[in-house]
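Undergrad: fold the following and give me the result.
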Amino acid sequence: MRRLRWWNSETGGAVRAGLVTALCMSAGLVLVAQVAAEAGAYALAVYVIAAALAALGTLALGRLRLAVALGPDLMTAGWLMALLVISHGLTLGQLYALAAVVALFVCAAAFTGAAARIVQAIPLCIRQALPLALGAMMVLWGLERGRMLLASPVHLVMLGDYADPLAYFSLLGIVLILGLRALGVRQAVGCGLVITAALSFVEGFWIVPPAPFYAPEGLDRSIGLFLLAGKGDAKAFATMVAVAPWLFLLMILNFWGTWQALGFDGDAQPRKPLRIAALANLLAALCGMTPMTAAPESALAGGAGRAHPHAYAAGTAAGLLLLLCAAPLAKELASFPAMLVPCIVVAGLFLIARTQLAWAAFDLAERTAAVALVVLVPLTYDMALGCGVATVAYVLLKVLADRAQDVTRTMRGLAAFTVLIVFFDAWLF
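TA: Residues are numbered from 1 along each chain as shown. Coordinates of the predicted model:
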């Protein structure tokens with residue numbers, strides 16, 4: 001009875017929220033391993049390293065009383081593997097060497113306070129628009145993963161075929177979670193997830209693999225790959241030089257953007273979380289992993305997770321460590337993500353509902369920056385690109401409106417940095 005009372009307490013609720021977050025992150029762990037495998041990496045080793053680093057980073061953030069999970073940055077991973085390794089012929093060793101060098105600069109910026117000054121200079125209009133942008137990105141990504149929205153050759157997207165079992169069960173899960181929440185069920189997300197999983201399992205759309213748990217293996221084929229970077233030719237070196245500034249910006253803004261969008265602006269200064277993210281990215285590069293960032297699935301923390309961040313971090317880390325040895329089961333769930341998609345979509349809706357935009361108080365430059373952010377982040381799945389374009393729009397319109405005094409030196413430098421990176425990349429590639 002005592003254990004049951006603890007499980008139903010606020011602390012137990014925080015642990016349950018952490019376990020649900022870890023389960024939703026399983027799809028990201030599988031996807032980042034698949035993306036790396038397409039570029040020649042050993043998928044199982046990447047999966048294990050991603051789960052282990054996510055667990056360690058989440059515990060570190062929990063010590064700061066932040067209910068935020070750390071997870072693989074899928075968008076950056078896809079960009080690095082597709083652009084650098086597959087398109088431009090860099091080896092995995094060269095890629096991880098580049099990531100390690102950039103991560104060292106990010107660590108220097110984080111520990112000297114330069115990174116914190118960059119993110120603290122972001123204007124209010126962009127900070128307030130971030131939850132809306134991230135929430136819309138999560139909703140769109142979830143709907144596409146659940147085949148409820150499909151790419152269209154004519155329009156931006158089109159509705160999926162709801163005779164498709166994945167689209168049907170994904171929609172059923174969303175309706176269940178929102179309906180249970182409307183009825184006041186305390187664990188609406190968990191109950192909806194369990195019901196959807198049970199129905200899809202009974203219908204045979206996913207199975208428990210004969211060997212759902214594997215011991216971690218292949219780590220020797222991933223850890224230390226940066227040592228094999230070699231000398232490389234002039235073209236490879238030029239490519240790495242061109243990508244390094246953009247990757248620097250990505251590592252800072254992707255973490256900060258998600259962390260800020262999750263509503264932690266008033267709970268903690270960005271300096272310590274940025275240090276943890278920078279160290280995690282350095283460790284990821286040394287171990288043969290692409291960069292890490294704050295996990296958007298952290299929106300599932302809820303009030304219990306915010307009230308008991310240590311318990312939430314422990315629950316998330318425990319779930320991630322369990323997933324570390326459950327690669328076959330996680331791959332099976334990701335192949336028919338009807339139980340994961342509803343959680344991602346609902347988490348995005350929670351962020352959108354929490355958005356507070358002081359729209360009437362914004363001028364034209366601030367409104368344009370907010371709109372650019374909200375439009376670009378969901379369409380490109382790139383937090384850093386959205387923040388960069390919004391920053392450039394804000395600075396440019398402020399100057400054109402003869403209100404240059406409203407723009408800080410840091411914002412001007414960040415806007416110029418973004419423009420230079422974009423033009424340098426366009427010139428080289």
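
Undergrad: quick one: Ser200 and Phe336 touch, right?
TA: Yes - in this structure, Ser200 is within contact of Phe336 by C-beta atoms under 8 Å, at 6.5 Å. Backbone N, C-alpha and C define where each C-beta goes, glycine included.

Undergrad: and for those two, which residues touch both?
TA: The contact sets of Ser200 and Phe336 overlap at Pro165, Trp206 (C-beta atoms under 8 Å, 6 or more residues apart in numbering).

Undergrad: who's in contact with stretch 359-376?
TA: 123-126, 128-130, 132-133, 136, 357, 382, 385-387, 389-391, 393-394, 396-398, 401, 403.

Undergrad: switch the cut-off to 7 Å
TA: Stretch 359-376 is contacted from outside by 123, 125-126, 129-130, 132-133, 136, 357, 385-387, 389-390, 393-394, 397-398, 401, using C-beta atoms under 7 Å, 6 or more residues apart in numbering.

Undergrad: with just CA atoms, put it into PDB.
TA: Extracted in PDB, the C-alpha atoms of stretch 359-376 (Å, rounded to 0.1, in the frame of the first residue of the first chain):
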ATOM      1  CA  TRP A 359       1.100  40.800 -30.200                       C
ATOM      2  CA  ALA A 360      -0.500  44.300 -29.600                       C
ATOM      3  CA  ALA A 361       2.700  45.600 -28.000                       C
ATOM      4  CA  PHE A 362       4.900  44.500 -30.900                       C
ATOM      5  CA  ASP A 363       5.900  46.900 -33.700                       C
ATOM      6  CA  LEU A 364       6.300  45.800 -37.400                       C
ATOM      7  CA  ALA A 365       9.800  44.500 -37.000                       C
ATOM      8  CA  GLU A 366       8.900  42.400 -33.900                       C
ATOM      9  CA  ARG A 367       5.800  41.000 -35.500                       C
ATOM     10  CA  THR A 368       7.700  40.100 -38.700                       C
ATOM     11  CA  ALA A 369      10.400  38.300 -36.700                       C
ATOM     12  CA  ALA A 370       7.800  36.400 -34.700                       C
ATOM     13  CA  VAL A 371       5.900  35.300 -37.900                       C
ATOM     14  CA  ALA A 372       9.200  34.300 -39.600                       C
ATOM     15  CA  LEU A 373      10.100  32.100 -36.600                       C
ATOM     16  CA  VAL A 374       6.600  30.500 -36.400                       C
ATOM     17  CA  VAL A 375       6.500  29.800 -40.100                       C
ATOM     18  CA  LEU A 376      10.100  28.600 -40.700                       C
END
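
Undergrad: list the buried ones in stretch 115-125?
TA: Residues of stretch 115-125 classed as buried: Ala115, Ala116, Ile118, Val119, Gln120, Ala121, Ile122, Pro123, Cys125 (neighbour count, 16 or more other C-beta atoms under 10 Å).

Undergrad: and the first one, how far from Leu178?
TA: Noted for Ala115: a distance of 38 Å to Leu178, by C-beta to C-beta, to the nearest Å.

Undergrad: contact partners for Asp161?
TA: Per C-beta under 7 Å, 6+ apart, neighbours of Asp161: Ala167.

Undergrad: does it count as helix, strand or coil?
TA: Here Asp161 is recorded as coil under DSSP: H, G, I helix; E, B strand; the rest coil.

Undergrad: give me every residue that touches the residue nearest to the spatial centre of the chain.
TA: Most central in the chain under C-alpha atoms, centre = their mean is Ala295, positioned 4.2 Å from the mean C-alpha point. Contact analysis of Ala295 by C-beta under 7 Å, 6+ apart lists Met25, Ala69, Leu70, Gly71.

Undergrad: quick check, pLDDT for the closest residue to it other than its chain neighbours.
TA: Leaving aside its sequence neighbours, Ala295 sits nearest to Gly71 (C-beta to C-beta, 6 or more residues apart in numbering; 3.5 Å). Gly71 is assigned a pLDDT of 91 by the prediction.

Undergrad: by contact count, what packs against the strand or helix carrying Gly71?
TA: Assigned by DSSP states H and E, Gly71 belongs to strand 70-72. With contacts taken as 3 or more C-beta pairs under 7 Å, 6 or more residues apart in numbering; DSSP states H and E, strand 70-72 sits against helix 10-38, helix 43-63, strand 292-294.
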